[in-house]
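# Just a sequence and a predicted model for now, questions to come.
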Number of protein chains: 2
Amino acid sequence: MKVAKFGGSSVASAEQLRKVADIIKSDSERRAIVVSAPGKRFKEDKKVTDMLIELGDAYFQHAGIENELNEVLERFKNITDELELNSAEIVDQIREDVFYVLNDDREDVLKRDGLKAIGEDSLAKVLSAYLQSLGMDATYLNPKDAGIIVSDEPGSAQILEESFDEIYKIRNKDGIFVIPGFYGYTKEGKLMTFPRGGSDITGSIIAAGIRAELYENFTDVDSVYSVNPNIVHNPKKITHLTYKEMRELSYAGFSVFHDEALIPAFKAKIPVCIKNTNNPSSPGTMIVSDKKAGDSPVVGIAGDSGFLSLYVSKYLMNRELGFGRKLLNILEDEHISFEHTPSGIDDMSVIIRSSQLTPDKEDRVMNRIYEELHPDTVSIDRDLALVMIVGEGMDSTVGIAKKATDAFASENINLEMINQGSSEVSMMFGIKASRLDDAVKALYHAFF
Amino acid sequence: MKVAKFGGSSVASAEQLRKVADIIKSDSERRAIVVSAPGKRFKEDKKVTDMLIELGDAYFQHAGIENELNEVLERFKNITDELELNSAEIVDQIREDVFYVLNDDREDVLKRDGLKAIGEDSLAKVLSAYLQSLGMDATYLNPKDAGIIVSDEPGSAQILEESFDEIYKIRNKDGIFVIPGFYGYTKEGKLMTFPRGGSDITGSIIAAGIRAELYENFTDVDSVYSVNPNIVHNPKKITHLTYKEMRELSYAGFSVFHDEALIPAFKAKIPVCIKNTNNPSSPGTMIVSDKKAGDSPVVGIAGDSGFLSLYVSKYLMNRELGFGRKLLNILEDEHISFEHTPSGIDDMSVIIRSSQLTPDKEDRVMNRIYEELHPDTVSIDRDLALVMIVGEGMDSTVGIAKKATDAFASENINLEMINQGSSEVSMMFGIKASRLDDAVKALYHAFF
């Protein structure tokens, strides 16, 4: 049994949904289907979820919602008309769903979650009806009935462990199930949406729950690339990737998907395949537990800006037992998680995502460092980007560092930081954010 | 006013003491003279301090001490005879000093400290008498009278802050003062010796106290070398070194002196000059606060084995706020100070001096890591050496990392760790201990 998840661009139009149906039909193991809400058909197009968010905004500003609602209904009418489904009935149902949420006595924040979920929910119903119209044994399956039980955190629900045994029961049913992504229900029956990457999360949860042989994630690219195609033209495709490699690439700004989305599948050791709805015969990228022998040690180059370095120096720091621990403690008290801590004898830097250190936290952290640690100097450099070379097996390869530093030197890029020595999967460099693209290009050309 | 400190080999014989007298005579600013006990005259020779330690061992084993005592007296008799001093009087005084310490009612550990100090103390008296015999205005100055007040820690006394104002009063006196190194007195008047590098510590304390214009440290080498001459033949001399550079070089196994010895001089910003008693016209190595413009960015290469890496990995570690802090906390509870903490997304290594992690501490640390942090894997690699490239101004030089990694790759040396990013003074590499000499050689040839 396979789980196939189709993203926003894969379900954006009737034409795309016909491709989806073909894909489902071509493999009888594809029985758990997870869908996003219709996304963009072209660059300037609007996603249905964004329409629903605007509808909510209008409602809470006590403005009329007719324009926004019509936009949503129009989009679904187009799709269902083209698919020759009973569009009047479907459109009526969506209108009813919207007013049901708005007129319900739940809290405002839950109304917003409820509205946002209508995109996925309606599309799942549409796809299920379309598959039925093609003579397939397909059923719409609500997340509540699928067993997706989540924590009570509107907009950023977390899956509860008990869900997986519930979800496993889907295996015993016949036919194809179309499940809307992006949301689940608390034990008390309240609808909550997942954080960013929501439909990917649902797919991953279902795959883990039913112990799928494969979780197929259908997107609009043929594969994961070894570098961001917006920086390097026509880069090498990655055919195999390990979970660890994927996680490191996501960390460093690879946007294929949010790595959090794959955690349930990773934990259950379900292989994941990234495929293209528009080119399903392309093999895509397999994400698996273990590296295949003979694979190249380096699989990808990634980079991300938005980091800062907090630098603390104090003469004789290395004789002061507990200095590093005390510094990390101050950050922890402010709920700031750190990324790395390169250290010298008398100084220590802490690399942090800039968004973590808000101005008020910065004030408190700086004050406490001065008062509790009595440093000689403290400074913050907000202009930091991290670039990573990712690949399992790098640790046993002499010369990776040489190749990388040669590349930086040839582009005259100064290295603010090098972090290597713990992860066996990556080597990390800190550079000025303004040189990020140059650095990624130079590394790509050195390794590929 | 300058402080001149003469080490063991500089005061090992009458011939050496004549050189010392010439050096003192040649500069009227050399008024505070600090001396070690007589050291080795040739490779197989015995240091007076070692003789005194053996004397103590014999005494506490209730064996006769005559042989050991005679060895000490003989050595001083040789020196004073050759210098045409009243050797009978001096030898009698030393014998008296030894029995005074042994018959005193102080604790055994303080008797050992008292015995050890007799080497420096007697040599200071000899040198003072010799300078007087040459017509110079020289006086022996006991550390108590010099104002060296220390903590009550036999064998590893620490200078107390209040000493410096006392020591400053020496400035107001005329003539030359010869002060024995290696020990001081507690407020209660108990004699305590300093830890390793004791006479260097005394020199540094006196220099700080009298606000010397220069602290000259006379040894038996012309200068500090850019790399260990036992590894690289005839290496480049260092003419200028900053305190920070000196500290990093000492940290990584440079044995010119224990960096702790220079701390009082560093803190008081007294320039230090390393000179050769046997070749005083050689300019030596100046250690100063600030780098001179135009100096080469890299001043030295150093390396040391005896490190271990404690590796901890846990899936999703980077989402676990406080993981790093908790790990450091466990080490701190065992009084283990760490050197560096390279980290990946899901793993973290802690680099520790191997001697810090005794087998019983290792058991407790490992148990606590398992019980409190629930890691996926924990392992210890005891085969680690650190190699450092040292130089202020390296941070602004593109290509240092490239040159270094080129050198490692050409020697096929795998990099276990790279730590760069906080210290502006050094770049550090972790390698297998067995490759340490090769690594140091390769880096030396790359940079010099």
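Perfect, I can see it now.
# Quick check: the closest residue to residue A:170 other than its chain neighbours vs residue A:184, distance?
Closest residue to residue A:170 apart from its sequence neighbours, by CB to CB, 6 or more residues apart in numbering or on different chains: residue A:210 at 5.3 Å. The way it works is simple: take the backbone N, C-alpha and C, and place the C-beta from them, glycine included. Per CB to CB, to the nearest Å, residue A:210 is found 15 Å from residue A:184.
# Also residue A:113?
Separation of residue A:113 from residue A:184 (CB to CB): 10 Å.
# One more: residue A:341?
37 Å.
# Over to residue A:413?
For residue A:413, the distance to residue A:184 equals 45 Å [CB to CB].
# neighbour count winner among the two?
Just comparing residue A:413 and residue A:184: by other CB atoms under 10 Å in any protein chain shown the higher neighbour count belongs to residue A:184, 28 against 23.
# Listing request: residues of the stretch 251-400 of chain A with sub-threshold pLDDT.
The stretch 251-400 of chain A contains residues with pLDDT under 70 at A:252-258, A:293-295, A:395-397.
# mind listing the helices for the stretch 301-448 of chain A?
Secondary structure of the stretch 301-448 of chain A by DSSP state H, counting those that start in this stretch: the helices cover A:323-333, A:359-368, A:400-410, A:436-447.
# The stretch 51-200 of chain A now?
Using DSSP H, counting those that start in this stretch, helices in the stretch 51-200 of chain A cover A:66-82, A:87-103, A:108-133, A:143-146, A:163-168, A:198-209.
# Helix A:87-103 and the third one, what's the angle between them?
Put plainly, it is helix A:108-133. 160 degrees (axes from the mean of the first three to the mean of the last three CA atoms, to 10 degrees).
# how about helix A:108-133: buried residues?
Neighbour counts over helix A:108-133 (16 or more other CB atoms under 10 Å in any protein chain shown) mark A:110-132 as buried.
# Could you list which of these also contact chain B?
Filtering the buried residues of helix A:108-133 for proximity to chain B by CB under 8 Å from any CB of the partner chain leaves nothing.
# my guess is residue A:109 meets residue A:153, correct?
No. Using CB atoms under 8 Å, residue A:109 is not in contact with residue A:153, being 10.2 Å away.
# OK, contacts around the nearest residue to residue A:267 once chain neighbours are set aside?
Spatial nearest neighbour of residue A:267, chain neighbours left out: residue A:208 (6.7 Å); criterion: CB to CB, 6+ apart. Residue A:208 makes contact with A:164, A:167, A:264-265, A:267-268, A:270, according to CB atoms under 8 Å, 6 or more residues apart in numbering or on different chains.
# Give me the pLDDT for residue A:208.
If you check residue A:208, the pLDDT there is 97.
# Report the separation between it and chain B.
Computed as CB to the nearest CB, to the nearest Å, the residue A:208 to chain B distance reads 14 Å.
# now do residue A:364
Taking CB to the nearest CB, one finds residue A:364 at 16 Å from chain B.
# Likewise for residue A:139?
Taken as CB to the nearest CB, the span from residue A:139 to chain B is 35 Å.
# looking at the helices of the stretch 51-200 of chain A, which is closest to residue B:448?
Between residue B:448 and those, the shortest gap by CB to CB is with helix A:198-209, which sits at 54.3 Å.
# starting at the chain centroid, how far to that closest one?
With CA atoms, centre = their mean, to the nearest Å as the basis, helix A:198-209 stands 12 Å off its chain's centre.
# what does stretch A:268-277 give?
Distance, stretch centre to chain centre, for stretch A:268-277: 14 Å (CA atoms, centre = their mean).
# for stretch A:324-335, same thing?
28 Å.
# what about it and chain B, touching?
Yes. Counting by CB under 8 Å from any CB, chain B is contacted by stretch A:324-335 at A:324-325, A:328-329, A:332, A:335.
# how far out from the middle of the chain is stretch A:152-165?
In terms of CA atoms, centre = their mean, the centre of stretch A:152-165 is found 16 Å from the chain centre.
# avg pLDDT for it?
Mean predicted lDDT for stretch A:152-165 stands at 94.
# Flag every residue of the stretch 151-300 of chain A that's near chain B.
Residues of the stretch 151-300 of chain A found near chain B (CB under 8 Å from any CB) are A:244, A:247-248, A:251, A:263, A:266-267.
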